[in-house]
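J.: Kindly return the folded structure for what I paste below:
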Amino acid sequence: MWDDNRDQISMKKHFSLFVMVLLISTYSEAKKIPGFFINKEGDTVYVTFNVTVSLFRQEAKIERIQEKIRYYDSLNNTNTLKPENASEVVIVNSVDTIRMLSRTNNLGLGSFFARNGIFLRLIKDGTLKLFKYYESKSSAPGHNNSNNTMSGGYTYEIESYILQKKNEPLFRTRSQVTFRKDMTDYLSDCPELVKKIEQKKYRKEDMALIVEEYNKLCH
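T.: Numbers count the residues shown, from 1 in each chain. So this is what the prediction gives:
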């Protein structure tokens with residue numbers, strides 16, 4: 001009985017810590033960050049972006065700038081930059097430099113307003129590009145049996161990889177289960193790399209290495 005109670009107390013502590021970390025990570029603030037964008041005419045425009053960052057880690061909330069980014073021009077006027085108005089955005093944060101490319105949204109990412117295009121964070125450049133897409137998911141409310149109360153759901157952010165070969169449409173695997181088949185079909189022009197994926201030398205978490213090898217062997 002004592003061991004059971006101790007286990008329940010331990011579980012409650014771990015759950016409380018998890019909730020605390022989750023709540024802390026959601027605290028954010030707007031911050032002015034320098035950078036530039038390249039417009040459709042190829043001109044480089046230096047501006048100050050208005051970006052939401054996490055309060056404690058000062059990391060930019062990428063999800064919030066995938067469909068549009070607010071910025072201040074040289075006259076300190078507020079403007080909104082959309083993917084259809086720029087080819088590239090670079091934000092120079094104290095934590096890291098964020099490079100985002102405007103892409104045709106053939107995957108239906110984001111909201112209705114992203115139908116004309118979307119900014120995606122570039123992770124690996126080359127003939128085969130690797131992007132990250134950020135989106136929020138919500139958990140369902142649950143029941144706490146220990147005190148017979150209902151707990152509310154919470155929102156959390158997930159990241160997924162997006163690929164683009166040359167100027168072809170964006171591509172992403174359907175699921176973890178279909179990862180190997182999806183990737184071997186998509187990278188069929190690189191037999192040596194396909195063989196390694198089929199032999200499970202590369203898995204979904206090795207996406208950056210897969211892109212690096214493709215650009216080295218099969219570009």
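J.: so where's this protein uncertain?
T.: Counting by pLDDT under 70, the chain contains low-confidence ranges at 1-28, 55-58, 137-157.
J.: That one: helices as residue ranges?
T.: Remark: helices assigned in the chain by DSSP state H are 2-26, 179-186, 191-198, 207-217.
J.: helices or strands up against the last one?
T.: If contacts are counted by 3 or more Cβ pairs under 8 Å, 6 or more residues apart in numbering; DSSP states H and E, helix 207-217 sits against strand 118-124, strand 128-138, helix 191-198. All C-beta atoms are positioned from the backbone trio N, CA, C, and that covers glycine.
J.: Would you check that residue 135 makes contact with residue 158?
T.: Yes: if you go by Cβ atoms under 8 Å, residue 135 and residue 158 touch, sitting 6.1 Å apart.
J.: got a list of contacts for stretch 205-219?
T.: Counting contacts by Cβ atoms under 8 Å, 6 or more residues apart in numbering, the residues outside stretch 205-219 that touch it are 123-124, 126-130, 161, 163, 183, 187, 189-190, 192-193, 196-197, 202.
J.: From the structure, what's the count of residues near residue 47?
T.: 20 (other Cβ atoms under 10 Å).
J.: Quick one: residues contacting it.
T.: Residues in contact with residue 47 (Cβ under 8 Å, 6+ apart) are 34, 35, 36, 37, 71, 72, 73, 74, 79.
J.: Output the residues you listed as CSV; include the columns neighbour count and distance to residue 219.
T.: Listed next are the contacts of residue 47 as CSV, based on neighbours: other Cβ atoms under 10 Å; distance: Cβ to Cβ, whole Å:
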residue, neighbour count, distance to residue 219
34, 13, 33
35, 21, 29
36, 17, 28
37, 23, 27
71, 24, 34
72, 14, 39
73, 12, 38
74, 9, 39
79, 13, 37
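J.: Comparing residue 135 and residue 158, which shows the higher neighbour count?
T.: Neighbours of residue 135 and residue 158, each counted by other Cβ under 10 Å, are more numerous for residue 135; the result is 13 against 10.
J.: rewinding a little: which members of the contacts of stretch 205-219 are classed as buried?
T.: 123-124, 128-130, 161, 163, 183, 187, 190, 193, 196-197, 202 (16 or more other Cβ atoms under 10 Å).
J.: which one of those is nearest residue 106?
T.: Of all those, residue 163 has the smallest distance to residue 106: 12.2 Å, by Cβ to Cβ.
J.: ok, now how distant is that closest one from residue 53?
T.: Using Cβ to Cβ, to the nearest Å, residue 163 is found at 28 Å from residue 53.
J.: before we move on, what about residue 195?
T.: 43 Å.
J.: Between the two, which is the more surrounded one?
T.: Legend: neighbour count by other Cβ under 10 Å for residue 195 and residue 53, higher for residue 53 (19 against 11).
J.: Tell me if I'm right that residue 197 and residue 183 touch.
T.: Yes: with contacts counted by Cβ under 8 Å, residue 197 reaches residue 183, the gap being 5.4 Å.
J.: could the helices and strands packed on helix 207-217 go into TSV alongside distance to residue 219?
T.: Converted to TSV, those look like this (distance: least, Cβ to Cβ, whole Å):
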stretch	distance to residue 219
strand 118-124	12
strand 128-138	7
helix 191-198	11
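J.: Alright, calling it a day.
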